[in-house]
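[1] build the 3D model from these lines:
(2 chains)
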Amino acid sequence: AQSVTQLGSHVSVSEGALVLLRCNYSSSVPPYLFWYVQYPNQGLQLLLKYTSAATLVKGINGFEAEFKKSETSFHLTKPSAHMSDAAEYFCAVSRTSGSARQLTFGSGTQLTVLP
Amino acid sequence: GAVVSQHPSWVICKSGTSVKIECRSLDFQATTMFWYRQFPKQSLMLMATSNEGSKATYEQGVEKDKFLINHASLTLSTLTVTSAHPEDSSFYICSATGLAGGQGTQYFGPGTRLLVL
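    Sure, this is the predicted structure:
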């Protein structure tokens, strides 16, 4: 069964500092992994996804994530935090259920950016 | 591209009434749509998966008679909360996967906040 674990339900960084949000996965097959961002009272927006091509994936808004099979990790990073990055971030893994591919989400990490 | 809309964005209703929420894929054909429920400060809980033209598949613990899902076309799915009660108050989010969604990429709607009085 596929699952993801997000370490740290809350992360605070100063504006301009490095952002690192952790995600570890468990999968018996090569996984498809995703990072989504959710702003208050909104749906989820796709930041980036890993689909077994390049291990370093670049997404929108300056975010990137690196797939590390040896560490079963897919951590999300951004070199310099901006106030507008404050949001909830979800890591997800795709799994097959019947004829559909479903997403299993982590518990989420709330990112706070301090001025 | 890959825009999903939901309507209404928020709704307040009286206990015992039914509420319908629409989910539309605006610029792609959604072969599969998903309905989630999200409680405050929590992750998304998958309620059901629906494929166009067939019955929805509900997750364990979700009452199919209470949460009616219809996926009548490749661009529209509806969730009807029947005989709503205050405990049904929540944030409901839909997502859609297109024909090229073999990797499982889902595109999410903006959500509908339901408050049952």
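
[2] next structured bit after the lowest-mean-pLDDT helix or strand in chain A?
    Ranked by mean pLDDT, DSSP states H and E, the weakest helix or strand in chain A is strand A:100-105, scoring a mean of 84. The element immediately downstream of strand A:100-105 (helix or strand, assigned by DSSP states H and E) is strand A:109-114.

[3] tell me which residues in the least confident helix or strand of chain A are buried?
    A:Ala100, A:Arg101, A:Gln102, A:Leu103, A:Thr104, A:Phe105 (16 or more other Cβ atoms under 10 Å in any protein chain shown). For every residue, glycine as well, the C-beta is placed using N, CA and C.

[4] any chance of these in CSV, plus distance to chain B?
    Shown next, in CSV, are these (distance: Cβ to the nearest Cβ, whole Å):
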residue, distance to chain B
A:Ala100, 5
A:Arg101, 3
A:Gln102, 6
A:Leu103, 6
A:Thr104, 8
A:Phe105, 5
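
[5] columns distance to B:Phe34 on top of the residues you listed, output as CSV?
    CSV is the format used below for the buried residues of strand A:100-105 (distance: Cβ to Cβ, whole Å):
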residue, distance to B:Phe34
A:Ala100, 8
A:Arg101, 10
A:Gln102, 7
A:Leu103, 8
A:Thr104, 12
A:Phe105, 11
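
[6] what is the nearest of the residues you listed to A:Ala17?
    Minimum separation from A:Ala17 among those (Cβ to Cβ) is found for A:Phe105, which lies at 26.1 Å.

[7] any low-confidence regions in the chain?
    Just going to use chain A. A:97-99 (pLDDT under 70).

[8] switch to chain B, please.
    B:1, B:99-103.

[9] for chain B, give me its nearest residue in chain A.
    As assessed by Cβ to the nearest Cβ, chain B sits closest to A:Ser94 within chain A, at 3.0 Å.

[10] that residue reaches B:Gly104, doesn't it?
    Yes - counting by Cβ atoms under 8 Å, A:Ser94 touches B:Gly104, with 3.0 Å between them.

[11] identify the contacts common to these two.
    Residues touching both A:Ser94 and B:Gly104 by Cβ atoms under 8 Å, 6 or more residues apart in numbering or on different chains: A:Tyr32, A:Phe34, A:Arg101, A:Gln102, A:Leu103.

[12] no further questions, thank you.
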